[in-house]
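**Q** Model the following, please.
(one chain, ligands or ions: 2)
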Amino acid sequence: MLKTILCISSYEKGQEFLRQAKRQGWKVLLLTSKSLEYADWPKDHIDNIYYIPDVNKEWHMPDVINGVSYLARTEQIDKIVALDDFDVEKAATLREHLRIGGMGETTARYFRDKLAMRMKARETGITVPDFVGIFNYDRINEFISKVKPPYVLKPRLSAGAIGIKKIHTIDNLWQKINELGDQQSFYLLEKFVPGEIFHVDSIIVNKQVLFSIVSKYGLPPMEVSHEGRVFMTRTIERGSVDETALQNLNKSVLPLLGLLQGVSHTEYIKAYEGGKYYFLETSARVGGAHIVELIEGATGINLWAEWAKLETSVDVSKYKPVLLREEYSGLIVSLAKQQEPDLTSYNDQEIFWKIKKDFHAGLVIRSPKFDRVESLLKNYTDRFYQDFFTSAPPKEKPNY
Ligand SMILES: Nc1ncnc2c1ncn2[C@@H]1O[C@H](COP(=O)(O)OP(=O)(O)O)[C@@H](O)[C@H]1O
Ligand SMILES: [Mg+2]
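**A** Numbering: from 1, shown residues only. Ligands and ions are numbered 1, 2, ... in the order given. Sure thing, here's the model as predicted:
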């Protein structure tokens with residue numbers, strides 16, 4: 001019998017997931033924000049689109065529950081999948097309400113709430129930066145008497161380094177906490193651990209990591225988004241000390257946090273001092289900022305499409321991602337001063353993909369040689385600053 005998948009995306013993304021789900025022979029329904037009515041959805045691969053009225057992509061959940069329950073009167077929904085980070089808990093709430101299998105609210109919390117994932121990770125023996133929730137002032141004072149600044153004060157439920165504040169003094173900390181007023185309990189405080197930031201992007205089935213690839217950001221994402229920089233990341237050398245250590249760490253982190261099946265983008269810090277690896281954060285979705293294209297360059301695996309194949313498998317134990325190659329890739333993205341930046345002079349044979357988005361310049365390169373990717377990235381990053389680079393003030397809130 002025809003199976004039905006309901007995809008939830010308050011943002012414009014996941015087109016390749018939607019297409020692949022349709023190719024798998026499923027009935028594909030999309031629930032998205034009304035403000036995205038004219039977005040570039042692959043309508044030929046979607047059976048029906050439903051819109052939720054939104055204010056800057058924020059949805060009123062009681063209406064969403066009523067709306068989807070109304071839909072369920074006539075549609076037998078077999079699967080619900082959240083395509084964006086901000087939709088993970090919405091999908092979990094709907095699964096719980098409609099009693100549909102998949103990640104429920106308890107596990108979703110560990111993949112969305114930075115305080116929950118920190119606490120769970122520490123309980124299970126994973127190294128994390130020292131942290132404290134912003135609840136009890138005695139506990140916060142105890143924390144600051146033991147852990148020296150700098151700190152980061154970060155929203156528990158955000159993404160993209162939005163709303164994170166770096167704090168250098170205790171006075172400044174209390175000032176920022178006070179400024180947050182009733183919002184303060186939605187934040188956590190942690191030690192700022194200077195280091196290199198890595199991301200491991202994975203496919204998981206039955207708590208087993210079937211595929212994972214380790215990459216390293218050119219600069220810490222906070223610096224990129226707060227200070228305005230060209231964003232860069234690349235796959236790291238296979239078999240290197242960092243690669244082996246992070247693959248192993250990631251293989252224990254995801255099952256310990258409770259991910260049974262799906263994809264994950266998980267980040268780690270390698271401290272400059274001492275070289276220890278810290279768990280930074282995880283998620284139950286593919287990486288943003290075109291990391292999907294980065295990984296496709298290196299491996300031929302498109303994580304959106306693979307995720308859709310996995311979610312629509314009749315028997316997940318038979319699902320296997322097909323690795324086409326084990327090469328290296330690099331991704332560069334910058335805000336551009338031009339509406340349609342001209343990238344024609346970036347024409348080396350290693351070019352794998354170019355972004356098509358107003359006021360953005362970006363590309364992925366791929367090569368069998370790690371050093372070639374590194375040297376091209378260096379050269380292209382310098383040229384991006386010359387040719388396109390511009391910056392915008394950091395966002396205070398998501399959804400704009
Ligand atoms: N404890 C920390 N020590 C050092 N840098 C941090 C720390 N926490 C966050 N950062 C910086 O902020 C960025 C965003 O933090 P993260 O927890 O990954 O949240 P987001 O969901 O916004 O990506 C990181 O990539 C890193 O640059
Ligand atoms: Mg992050």
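
**Q** only C-alpha atoms for contact and neighbour calcs from this point on.
**A** OK.

**Q** How about the most centrally placed residue in the chain, nearest residue that isn't a chain neighbour?
**A** Nearest to the geometric centre of the chain sits G287, at 3.7 Å (CA atoms, centre = their mean). Computed as CA to CA, 6 or more residues apart in numbering, the closest residue to G287 that is not its neighbour in sequence is H265, at 5.2 Å.

**Q** May I ask you to confirm that the one you found belongs to a strand?
**A** Yes: the assignment for H265, made by DSSP: H, G, I helix; E, B strand; the rest coil, places it in a strand.

**Q** Could you pull up the residues touching it?
**A** With contact taken as CA atoms under 8 Å, 6 or more residues apart in numbering, H265 is in contact with 199-202, 282-287.

**Q** Could you rerun that using 10 Å?
**A** Counting by CA atoms under 10 Å, 6 or more residues apart in numbering, H265 touches 199-203, 212-213, 281-288, 291.

**Q** What subset of those residues is buried?
**A** Burial by neighbour count, 16 or more other CA atoms under 10 Å: within the contacts of H265 this picks out 199-203, 212-213, 281-287, 291.

**Q** Could you pick out which of the contacts of H265 are located in helices?
**A** I291 (DSSP state H).

**Q** Among the contacts of H265, which ones are in strands?
**A** 199-203, 212-213, 281 (DSSP state E).

**Q** Closest one of these to ligand 1?
**A** Ranked by distance to ligand 1 (CA to the nearest ligand atom), those are led by E281 at 5.5 Å.

**Q** ok, and of the contacts of H265, which contact ligand 1?
**A** Among these, the residues that sit close to ligand 1 (CA under 6 Å from any ligand atom) are E281.

**Q** Flag whichever of the contacts of H265 scores worst on pLDDT.
**A** Lowest pLDDT within those is found at G288 (93).

**Q** Quick check: phi and psi at that one.
**A** Dihedral pair for G288: phi -80, psi -170, per degrees, to the nearest 10.

**Q** Next one: it from D84, what distance?
**A** 9 Å (CA to CA, to the nearest Å).

**Q** List the residues that are in contact with both of those two.
**A** Contact criterion CA under 10 Å, 6+ apart; residues shared by G288 and D84: K13.

**Q** Look up the residues forming beta bridges with L31.
**A** Note on L31: beta-bridge partners by DSSP bridges are I8, Y50.

**Q** Then H360?
**A** L335.

**Q** T233 now?
**A** The partner residues for T233, given DSSP bridges, come to Y217, L331.

**Q** Now do the contacts for it.
**A** 197-199, 215-221, 291, 294, 329-333, 364, 377.

**Q** can you list the residues of this protein near ligand 1?
**A** Residues of the chain lying near ligand 1 by CA under 6 Å from any ligand atom: 129, 158-162, 190-194, 220-222, 280-281.

**Q** which of the residues you listed are buried?
**A** Neighbour counting by 16+ other CA under 10 Å classes 129, 158-159, 161-162, 190-193, 220-222, 280-281 among those as buried.

**Q** Tell me which of those fall in strands.
**A** 190-191, 280-281.

**Q** what about Y187, how many neighbours?
**A** Neighbour count for Y187, taken as other CA atoms under 10 Å: 25.

**Q** Am I right that it is in contact with K114?
**A** Yes: if you go by CA atoms under 10 Å, Y187 and K114 touch, sitting 8.7 Å apart.

**Q** Could you give the number of residues near R73?
**A** 9.

**Q** in what helix or strand does the closest residue to G104 other than its chain neighbours lie?
**A** In space, and not counting its chain neighbours, G104 is closest to A92: 4.8 Å by CA to CA, 6+ apart. Secondary-structure element containing A92, defined by DSSP states H and E: helix 88-98.

**Q** just checking, what packs against that helix?
**A** strand 4-9, helix 61-72, strand 79-82, helix 105-112 (3 or more CA pairs under 10 Å, 6 or more residues apart in numbering; DSSP states H and E).

**Q** Dump the ones you listed into TSV; add mean neighbour count as well.
**A** Listed next are these as TSV, based on neighbours: other CA atoms under 10 Å:
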stretch	mean neighbour count
strand 4-9	23
helix 61-72	14
strand 79-82	21
helix 105-112	21
